[in-house]
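> Got a sequence here, can you build the structure:
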Amino acid sequence: MINQKSVLIGTLISIILLFLLGTFVGLFGFYAAVFIGALVATFLASGKAQLKVVESGLHGIIVGIFTGVIYILFTYAYSGFSKVVAGILIYFALVLIGGFIIVGALGGIVGLLISVKSGNIGSDNNEIIKPEEKIDNSEKND
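Residues are numbered from 1 along each chain as shown. Predicted coordinates:
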């Protein structure tokens, strides 16, 4: 299940960082911004419900797609809706959004790993399951 609120927060963080890091670091800043946004989105989503690895990657992919599309639209509007720039942006969008999808998926998986390591992962019953309790329950069954 996709948590829309966390995806929106991750996208906003990504866009803000994209413009801040993009001016100082360049192309690496673009990918770092998407990675951090996807990490935050998955961390927030995993606190609400227990996520699988595929769902965490999907949160990051959605953050990457939204960030890429918003950045391309902003660049197109900033250029004054020029036809020449539009042709260049079509090719640039394929590479940029494709890279954002890959980096977003990686950030989503890393965000899930961080939330599991910190114990911030929720469950369907809205309770946090600690690893020690699982071990105790499995010993009782033996």
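> quick check: mean pLDDT across stretch 85-95?
On average, the pLDDT along stretch 85-95 is 84.
> contact partners of that stretch?
Contact partners of stretch 85-95, identified using C-beta atoms under 8 Å, 6 or more residues apart in numbering, comprise 68, 72, 75-76, 79. Glycine gets a C-beta too; all of them are placed from N, C-alpha and C.
> What of stretch 22-30?
Identification of contacts with stretch 22-30 by C-beta under 8 Å, 6+ apart yields 17-18, 20-21, 32-33, 71, 96, 100.
> what's the answer for stretch 103-119, then?
31, 34-43, 46-47, 51, 53, 56-65, 67, 121, 128, 130.
> my read: Ser6 touches Ala49, true?
No. Shown here, Ser6 and Ala49 do not form a contact pair, counting by C-beta atoms under 8 Å, at 10.2 Å.
> Let's check: the centremost residue of the chain is which one?
Closest to where the C-alpha atoms of the chain average out (C-alpha atoms, centre = their mean) is Ala38, at 1.6 Å.
> Just the buried residues of the strand or helix carrying that one, please?
Ala38 is part of helix 27-48, with elements assigned from DSSP states H and E. By neighbour count on 16 or more other C-beta atoms under 10 Å, the buried set for helix 27-48 is 29-47.
> Can you pull out the low-pLDDT segments for the protein?
The model of the chain has pLDDT under 70 over residues 121-142.
> all helices for this protein, in order.
Using DSSP state H, the helices of the chain run over residues 4-24, 27-48, 53-78, 83-118, 131-141.
> Restricting to C-alpha, output the first one in PDB.
Just to be clear, that refers to helix 4-24. Extracted C-alpha coordinates of helix 4-24, given in PDB (Å, rounded to 0.1, in the frame of the first residue of the first chain):
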ATOM      1  CA  GLN A   4       0.700   9.200  -0.300                       C
ATOM      2  CA  LYS A   5       1.500  11.600   2.500                       C
ATOM      3  CA  SER A   6       5.000  10.200   2.900                       C
ATOM      4  CA  VAL A   7       5.500  10.300  -0.900                       C
ATOM      5  CA  LEU A   8       4.500  13.900  -1.000                       C
ATOM      6  CA  ILE A   9       6.800  14.800   1.800                       C
ATOM      7  CA  GLY A  10       9.700  13.000   0.200                       C
ATOM      8  CA  THR A  11       9.000  14.700  -3.100                       C
ATOM      9  CA  LEU A  12       9.000  18.100  -1.500                       C
ATOM     10  CA  ILE A  13      12.300  17.400   0.300                       C
ATOM     11  CA  SER A  14      13.700  16.100  -3.000                       C
ATOM     12  CA  ILE A  15      12.700  19.200  -4.900                       C
ATOM     13  CA  ILE A  16      14.100  21.600  -2.300                       C
ATOM     14  CA  LEU A  17      17.300  19.700  -2.100                       C
ATOM     15  CA  LEU A  18      17.500  19.400  -5.900                       C
ATOM     16  CA  PHE A  19      17.600  23.100  -6.300                       C
ATOM     17  CA  LEU A  20      20.000  23.600  -3.300                       C
ATOM     18  CA  LEU A  21      22.400  20.800  -4.100                       C
ATOM     19  CA  GLY A  22      22.100  21.200  -7.900                       C
ATOM     20  CA  THR A  23      23.500  24.700  -7.800                       C
ATOM     21  CA  PHE A  24      26.600  23.700  -5.800                       C
END
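> Fine by me, we can end here.
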